[in-house]
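A.B. asks: Sequence and computational prediction follow.
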Amino acid sequence: MHKLMIPIQGDFVAPRFDLATEVLIARYEDGSLLGEPKTIIMERPSDEELCHMIIEEHITAMVCNGIEELHYNFLVWKKINVLDGIIGDWQTVLEKTLNGTLQQGAVFYPDKKETSSYKTQ
Amino acid sequence: MFTPDIKSLLEGVPSPAMVLDDMLRIVDMNRLMEAMSGHVIDEVRGIHGELVLRSNVGNNRDRLFKAVLETGEPVASEGDILNCYRRKIPVHCYISPLANRKNNRRGLFVVTELVQLDEVKKDPTNKIFSLNEIIGYSPKMQQVFDKIPLISQTDASALITGETGTGKDKIAEIIHNHSPRSRFPFIKINCGALPLGLLESELFGHTKGAFTGATRNKAGMFKLADRGTLFLTEIGDMPLPLQVKLLSVLDDRQFFPIGGEQSISVDVRIIAATHRSLQEQVKKKKFREDLFYRLNVLYVHLPPLREREVDIRYLADHFLEKFTAALRSNIVGFTSEAMDSLLSYSYPGNVREMSNIVEYAVNMCKEKKVGLEHLPGYIFEPIPEAPAESHISDDENFYEQPQQDTTAQPSPSMVLSEQKQESWNDIERQMIIDTLKEYGGSRKKVASHLRWTRMKLWRKMKKYGLLA
């Protein structure tokens, strides 16, 4: 069983790990989700707290867009599989992660619907 | 009516800049923005600007962009961006609206300026080298400083030589910052740190599918440094096959990315640095003679610290001030004996080593003045063979660390306790090991005991090579 975390912002993977206030956590095995993914809203953005949460939640894989070298190295050292530089909507990213085709630095172009969902809340 | 092309307009902007449409998607960006963000335009055209820029300039969920679009008022903001190489870069961000001929706001013009560069130019003390921490009052350093303005104003390749720790990187940065290319990127690459294939890809970039794992186009450092300066450090360690390609770029000002069919033209100034003697490398057939002459147009040699006796006192005071401020210590100076020891030491590691010695002393000293007992013990031990002159000799072991001569008998006044002869790093490393033993290897408990975060403990363990 794998446990995936994606820092998100609206429908998209959050631009920055250190500024994310919302994370999506999904459990999966053999390419299928185990239950509904859950989202956690954080009180405030904090890279250290996010790192702490990743350890506490026993996350095995993390997909994000921008992340500082320091945090990246820390998570890799904690044996977490980190794919960064991912630009796109989190649903596509989640699907690609489940079927094992997501690659570092992947860019997914939004269609019109997805474009309009990246809005000020 | 004349309608300017957006791309050529953007290339005329001397800062990273991009144009967004009314949906805040990227329409185009200049090469400087490509260099700063780490993305080429073909890869991110049509993507939301904020997803690529990754700034913290009050633009969470496009707030700032939308405000400019709605009000039509340009906005300036300060913050940082996070590029795809995981580097945080401080920037000033200027966002202004773009209107069509009917005066409808249809997009944004985003310009970012690197903060560091601004600060260098606004240096109020007008000591042009002070910000970069190059201190030198000795005649040899004055000769170096005299050369910098001349070297800065030309486009010719420059070669900087000097022992390890003499400040070759800082001099290269100063040359760039005082050159007409200063508003363009300064990109540093260590030619000795990467294997041949990876170094070639880093320098010249590759196209998608060029080799296994090349899943997308990648712009190389040469392209990213366009109109700026490419600093090739440890050039003496560059593999021979790459030297041929570098020579060809220097001659033709164009190159082919790995797997690419179209040549890319670039306007890049090369500054190279090495701690080796390139002439000796040429003799040993480890460095191409033609490339040596191509790089050695302008030459700067940085003297080792032992040949800059005048500067040792200034540097010691400078580092003392720096570390006492950082550690909030009340130390006011050195005792005369400690200063004499510092003045008589030969500094094989040069300025970097002196900085470490003073940092150690500031950490150890709980008194008003740094005394002999606060200095690391090894500086009192004789160094068997100090390099004689400042000319660059060839060998890797030329700048050997001082040998620990166990047979040498230090004079009685220099006999220090065993514990104090250890470096600060040794003490901290041992402290971590002891605490790990005490708590049966539980990093969580160790971090808690030392009152560090787990991240800090990890950083320290990584630094001291304590990770499995």
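C.D. replies: Sure thing, it's come through. Computed from a predicted model, the values in this text were never measured in an experiment.
A.B. asks: and chain A, which of its residues are near chain B?
C.D. replies: Within chain A, the positions near chain B by Cβ under 8 Å from any Cβ of the partner chain are A:9-10, A:12-13, A:15-16, A:18-19, A:48, A:51-52, A:55, A:65-70, A:72-74, A:77, A:84-85, A:87, A:103, A:105, A:107, A:109-110, A:115-116, A:118-121. C-betas here are computed from N, CA, C, even on glycine.
A.B. asks: shaky segments in chain B?
C.D. replies: Residue ranges of chain B with pLDDT under 70: B:1, B:58-61, B:115-133, B:382-423, B:468.
A.B. asks: Ramachandran angles for the residue sitting furthest away from the middle of it?
C.D. replies: When distances are taken from the C-alpha mean of chain B, B:Lys102 lies farthest, 47.9 Å away, according to Cα atoms, centre = their mean. Dihedral pair for B:Lys102: phi -90, psi 10, per degrees, to the nearest 10.
A.B. asks: about what we covered before: from the residues of chain A next to chain B, which would you call buried?
C.D. replies: A:9-10, A:12-13, A:15-16, A:18-19, A:51, A:65-68, A:70, A:72-74, A:84-85, A:87, A:105, A:107, A:110, A:115, A:118 (16 or more other Cβ atoms under 10 Å in any protein chain shown).
A.B. asks: Let's see which of those residues end up in strands.
C.D. replies: Of those, the ones assigned to strands by DSSP state E are A:Gln9, A:Phe12, A:Val13.
A.B. asks: Let's have the residues you listed in JSON lines, adding pLDDT.
C.D. replies: Shown next, in JSON lines, are these (pLDDT from 0 to 100):
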{"residue": "A:Gln9", "pLDDT": "91"}
{"residue": "A:Phe12", "pLDDT": "92"}
{"residue": "A:Val13", "pLDDT": "94"}
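A.B. asks: Give me the neighbour count for residue 44.
C.D. replies: Looking at chain A here, since you left the chain open. 7 (other Cβ atoms under 10 Å in any protein chain shown).
A.B. asks: let's do chain B instead
C.D. replies: 23.
A.B. asks: Would you mind naming the helix or strand containing the closest residue in space to it that isn't next to it in sequence?
C.D. replies: Of all residues not flanking B:Val44 in the chain, B:Val52 sits nearest, at 4.9 Å (Cβ to Cβ, 6 or more residues apart in numbering or on different chains). Element membership for B:Val52, per DSSP states H and E: helix B:49-53.
A.B. asks: Does whichever helix or strand comes after that helix pack against any helices or strands, and if so which?
C.D. replies: Counting by DSSP H and E, the next helix or strand C-terminal to helix B:49-53 is helix B:63-71. For helix B:63-71, the contact count by 3 or more Cβ pairs under 8 Å, 6 or more residues apart in numbering or on different chains; DSSP states H and E identifies strand B:75-82, strand B:88-99, strand B:105-114 as packing neighbours.
A.B. asks: Name the stretch among the ones you listed that sits most buried.
C.D. replies: Comparing these by mean neighbour count (mean count of other Cβ atoms under 10 Å in any protein chain shown), strand B:105-114 comes out on top with a mean of 20.
A.B. asks: other SSEs contacting that strand?
C.D. replies: By 3+ Cβ pairs under 8 Å, 6+ apart, strand B:105-114 packs against strand B:17-21, helix B:31-37, helix B:49-53, helix B:63-71, strand B:88-99.
A.B. asks: Neighbouring strands - and their directions - for it?
C.D. replies: When pairing is defined by DSSP bridges, strand B:105-114 lines up against strand B:17-21 (antiparallel), strand B:88-99 (antiparallel).
A.B. asks: average model confidence for stretch A:30-41?
C.D. replies: Mean pLDDT, stretch A:30-41: 92.
A.B. asks: how long is stretch B:35-49 end to end?
C.D. replies: Length of stretch B:35-49, first residue to last, Cα to Cα, to the nearest Å: 15 Å.
A.B. asks: Turn the helices and strands packed on helix B:63-71 into TSV, including distance to B:Leu10.
C.D. replies: Below are the helices and strands packed on helix B:63-71 laid out as TSV (distance: least, Cβ to Cβ, whole Å):
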stretch	distance to B:Leu10
strand B:75-82	17
strand B:88-99	12
strand B:105-114	9
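A.B. asks: Now residue 19. Nearest residue, chain neighbours left out?
C.D. replies: Because you didn't say which chain, this covers chain A. That would be A:Pro45: by Cβ to Cβ, 6+ apart, it lies 4.7 Å from A:Leu19.
A.B. asks: That was the other one, I meant chain B.
C.D. replies: Here the residue nearest B:Val19, using Cβ to Cβ, 6+ apart, is B:Val27, at 4.5 Å.
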